[in-house]
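> Just to be clear, the model below is a prediction. Sequence and coordinates:
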Amino acid sequence: MYPLLFRAVLSRFDPEFAHHAGMAVIRVLGVPPFSTVTRSLTRPDPSLQVKALGLTFPSPFGIAAGFDKNAVGVRGFAALGFGHVEVGTITAIPQDGNPKPRLFRLVPDRAVINRMGFNNKGADAAARRLSRLRRGAPNTVIGVNIGKSRVVDVEDATADYVASATRLAPLADYLAVNVSSPNTPGLRGLQAVETLAPLLRAVRDASGATPLLVKIAPDLPDEEITAIAQMAVAEGLAGIIAHNTTISRDGLRTDPAVVAAAGAGGLSGAPLKERSLQVLRVVRAAVPADFCVIAVGGVETASDVEERLAAGATLVQGYTAFLYRGPLWARQVNRGLRNRLPLSQG
C-alpha cells in the first residue's frame with residue numbers, strides 16, 4: 001500500500017516536511033509496545049549476521065547518515081530491521097543548515113537532491129541522546145558521522161573534527177569522518193591526501209579504541225580514490241564509506257527544468273548505482289580483504305545489496321529509497337537476502 005500512499009498523499013507534501021513527519025512515526029515505532037510488535041515483523045534472520053569492526057551486525061543492511069541527523073530515531077530504525085544506524089552528520093557547533101527549500105524529489109529517477117548543510121543540534125546534544133541510547137538500547141549498532149562546523153574556517157577544520165570526536169567517539173560503535181558533502185563550502189577540498197592524512201591522524205588519536213572510517217565522494221577520479229584508500233590503510237583507519245552524494249546530473253530522466261529549479265546540492269538515489277559499484281570496486285582493489293568497506297549509493301532492493309556484497313562490500317547502507325519504499329524497506333531487503341542466501345552460498 002505504501003507506493004499508493006506515496007503517489008496519492010506524501011508526494012504532495014514538501015519533502016522536508018514529509019521527512020520530519022516520517023521521523024515522528026519512526027520514533028514512535030521505537031517505543032514499547034510498538035517496538036515489540038514491529039520487531040516481531042521485521043527482525044532479520046540470524047543467518048544474515050555480519051561480523052565487522054569488532055562488532056556483530058544483525059544484517060549487512062543499515063541506514064546511512066543524513067536520515068537521522070540528531071540521533072532521535074535510532075530505536076525506531078533498529079525496530080524496523082536495519083542492521084545498523086549511522087546518525088549525523090553531527091558538527092561540534094549546532095547549526096541550522098542552509099536556507100529552505102533544500103530538499104527536492106526527482107520522482108521519475110527515484111532520486112533526491114539535497115543541500116541541507118549539516119543541520120543539527122551539535123555534538124553536546126547528540127552525546128546526551130547517545131548516552132541515553134547506550135543505556136536503553138545497548139545492542140543496537142550505532143555509527144556516528146561527524147563533519148566540519150560551517151562557522152569554522154577550513155584551515156581550522158582539524159581542531160573542529162577533533163572536538164566532535166572527543167565528545168562522541170566514546171558513545172559510538174564506529175566514527176565516520178565526513179569530508180565529502182557538497183553542501184559545506186570548502187569541505188571537499190579536505191579530501192586531498194596531503195590535507196586528509198593529518199586530519200584523520202588527529203581524529204584517530206582523539207577517537208581512542210573506537211573504529212574510525214572516512215566517507216568519500218563519488219566525484220573523485222579513480223586514482224584519487226585509490227590514493228585515499230591506501231592512505232586510510234596506512235594511517236590505521238578501520239574502513240571507508242563509499243560514498244556520499246554526487247554533484248553530477250548526468251543521465252537523469254526528470255524534466256531538466258525541474259532539475260534546474262532544484263539547484264545545487266548532492267544527488268542521491270537510483271542514478272548513482274553504476275558509479276557506486278565502480279567506486280566500490282576501486283576501493284576494494286586498493287585495500288586488504290579484512291578492511292571494512294561500507295557501500296552506499298543507488299541501493300534499493302535485496303538484489304542491489306547482494307550485488308554490493310558480491311563486489312566486496314562488508315556492509316551496505318541505504319537512504320533515498322526509504323522515501324520511495326516506506327518503513328518496511330529493511331524488512332523487504334532482509335527477507336530478499338535471506339531467500340537468496342542458499343543460492344549465494346551454493
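Good, I have the coordinates.
> Only C-alpha atoms from now on, for both contacts and neighbour counts.
Will do.
> What segments of the stretch 1-150 of the chain are helices?
Read by DSSP state H, counting those that start in this stretch, the stretch 1-150 of the chain holds these helices, from start to end of the chain: 2-8, 15-29, 34-42, 74-79, 123-136.
> Can you name the next helix or strand after the helix or strand harbouring residue 307?
Counting by DSSP states H and E, the secondary-structure element that holds residue 307 is helix 302-310. Next helix or strand after helix 302-310 toward the C-terminus (DSSP H and E): strand 315-318.
> For the helix holding residue 307, which residues meet the burial criterion?
By neighbour count on 16 or more other CA atoms under 10 Å, the buried set for helix 302-310 is 302, 304-306, 308-309.
> Which one of those residues is nearest to residue 261?
Among the buried residues of helix 302-310, residue 304 lies closest to residue 261 (CA to CA), at 30.0 Å.
> and that closest one, what pLDDT?
In this model, residue 304 is scored at 96, pLDDT.
> swap in residue 182?
With respect to pLDDT, residue 182 scores 82.
> what residues are up against it?
Counting by CA atoms under 8 Å, 6 or more residues apart in numbering, residue 182 touches 115, 188, 245-247, 265-266.
> Then residue 334?
Residues touching residue 334, when contacts are defined by CA under 8 Å, 6+ apart, comprise 44-45, 48, 59, 61, 81, 302.
> what do you get for residue 336?
301-303.
> Adding distance to residue 36, write these out as CSV.
Compiled in CSV, these are given as follows (distance: CA to CA, whole Å):
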residue, distance to residue 36
301, 25
302, 24
303, 28
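> For the protein, give me the ranges with low pLDDT.
Regions of the chain meeting the criterion pLDDT under 70 cover residues 1, 8, 137-138, 341-346.
> Residue for residue, what is the longest helix it has?
In terms of residue count, the longest helix belonging to the chain (DSSP state H) is helix 329-345.
> mind checking how far it is from the chain centre?
In terms of CA atoms, centre = their mean, to the nearest Å, the centre of helix 329-345 is set 21 Å apart from its chain centre.
> what's the angle between it and helix 302-310?
Between the direction of helix 329-345 and that of helix 302-310, the angle (axes from the mean of the first three to the mean of the last three CA atoms, to 10 degrees) works out to 50 degrees.
> list the buried ones in helix 329-345?
Of all the residues in helix 329-345, those buried under the rule 16+ other CA under 10 Å are 329-338.
> ok, now how distant is residue 150 from residue 184?
Going from residue 150 to residue 184 by CA to CA, to the nearest Å gives 7 Å.
> Check residue 30 too.
Applying CA to CA, one obtains 32 Å for the distance of residue 30 from residue 184.
> now swap in residue 149 and tell me
For residue 149, the distance to residue 184 (CA to CA) stands at 9 Å.
> now do residue 216
Noted for residue 216: a distance of 14 Å to residue 184, by CA to CA.
> Excluding chain neighbours, give the residue nearest to residue 82 in space.
Distances taken as CA to CA, 6 or more residues apart in numbering place residue 62 nearest to residue 82, at 4.8 Å, with adjacent residues excluded.
> partner residues bridging that neighbour?
Residues in a beta bridge with residue 62, per DSSP bridges, are residue 317.
> was I right about it contacting residue 318?
Yes. Under the criterion of CA atoms under 8 Å, residue 62 makes contact with residue 318 at 6.5 Å.
> re the thing from before, between residue 216 and residue 184, who's got more neighbours?
Between residue 216 and residue 184, residue 216 has the larger neighbour count (other CA atoms under 10 Å), namely 24 against 20.
> neighbouring contacts of stretch 281-293?
Stretch 281-293 has contacts (CA under 8 Å, 6+ apart) with 52-53, 222, 225-226, 229-230, 233, 238-242, 280, 311-315.
> and with 7 Å instead?
The contact list for stretch 281-293, computed with CA atoms under 7 Å, 6 or more residues apart in numbering, reads 52, 222, 225-226, 229-230, 233, 238-241, 311-315.
> Also stretch 159-170?
Residues outside stretch 159-170 that contact it (CA under 7 Å, 6+ apart): 91-92, 123, 127, 146-149, 175, 202-203, 206-207, 210.
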